[in-house]
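# Turn this into a model:
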Amino acid sequence: MTSRREFLAASAAAVAVARFPSPPLPQPAMAGKTVLFQGDSITDAGRNRSRTGANDIAALGSGYPLLLTAELRERHPGLDFQIFNRGVSGNTVPDLQARWQADTVALAPTILSILIGVNDIWHTRAKTFSGTAATYEAAYAALLASTRTALPGVRLVVMEPFVTRVGAVDDTWFPEFDEYRAAAARVAKRSGALFVPLHEMLQDLGKHSSPAYWAADGVHPTLAGHQAIAQQWLKVVRIEDR
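Residues are numbered from 1 along each chain as shown. As a prediction, this is how the structure comes out:
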């Protein structure tokens, strides 16, 4: 049986623990991931450019960057994602180059996703820009090479340019547009980037409804098109909870 002295000693110890609890065990620090979406109007998606903060609905626009932000933050609450959209409507690769330091390097993303290319051919066809698939590839490759130098730890994601045959896009875009798609794939491989294929996916989806259901004017996705793009991105870009 416990003696009176032992009982009193145990009681005193319990009171001391209650008054002066042991410090909590150290917990793993919450990992942070900064994700940046770059590109043209498809990425821009009507974002409010006066709003620049991370995870801001108005700053993310109404397209796939917003959908991916919601999905990533819901799936991985422990990663403390800071997600930005810096797409600018009308941009070509040279336009990206002109604003790259301020809009990309300065944000120091851990994941950088880029969708660019449709304006490089579209504006050339409209005679407001001069370029070829070869100049697109060379400029894009140089941009990613400089990015690797400035941000050696960045995880690059190259999204394939796409169109659907409706609205502004007809058969005269081909086979030239396919050269831009192939150039983007080569740039991704050369830079060690993940490559998200989009063009054939959207063609296949159009067979079961209509091309306009996914991109009404042939270039800019509908809400359904943006959701399909977001889901394809998630299939390629695997996020680990660490």
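# Break down the protein into its helices, ranges please.
4-19, 41-44, 57-60, 64-75, 93-103, 118-125, 133-150, 176-191, 199-207, 211-214, 223-236 (DSSP state H).
# can I get the ones you listed in CSV with distance to Arg51?
C-beta here means a position set from N, CA and C on the backbone, and glycine is covered the same way. As requested, the helices of the chain are exported to CSV (distance: least, C-beta to C-beta, whole Å):
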stretch, distance to Arg51
helix 4-19, 49
helix 41-44, 13
helix 57-60, 4
helix 64-75, 13
helix 93-103, 14
helix 118-125, 24
helix 133-150, 25
helix 176-191, 29
helix 199-207, 29
helix 211-214, 28
helix 223-236, 19
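# Please work out which of the ones you listed is packed deepest.
Among those, ranked by average contacts under mean count of other C-beta atoms under 10 Å, first place goes to helix 41-44 (a mean of 24).
# helices or strands next to that one in the packing?
helix 64-75 (3 or more C-beta pairs under 8 Å, 6 or more residues apart in numbering; DSSP states H and E).
# what does the helix it packs on contact?
Identification of contacts with helix 64-75 by C-beta atoms under 8 Å, 6 or more residues apart in numbering yields 35, 37, 42-43, 45, 47, 55, 57, 60, 79, 81, 83, 85, 87, 221, 226-227, 229-230, 233-234, 239.
# starting at the chain centroid, how far to it?
Counting by C-alpha atoms, centre = their mean, to the nearest Å, helix 64-75 is centred 10 Å from the centre of its parent chain.
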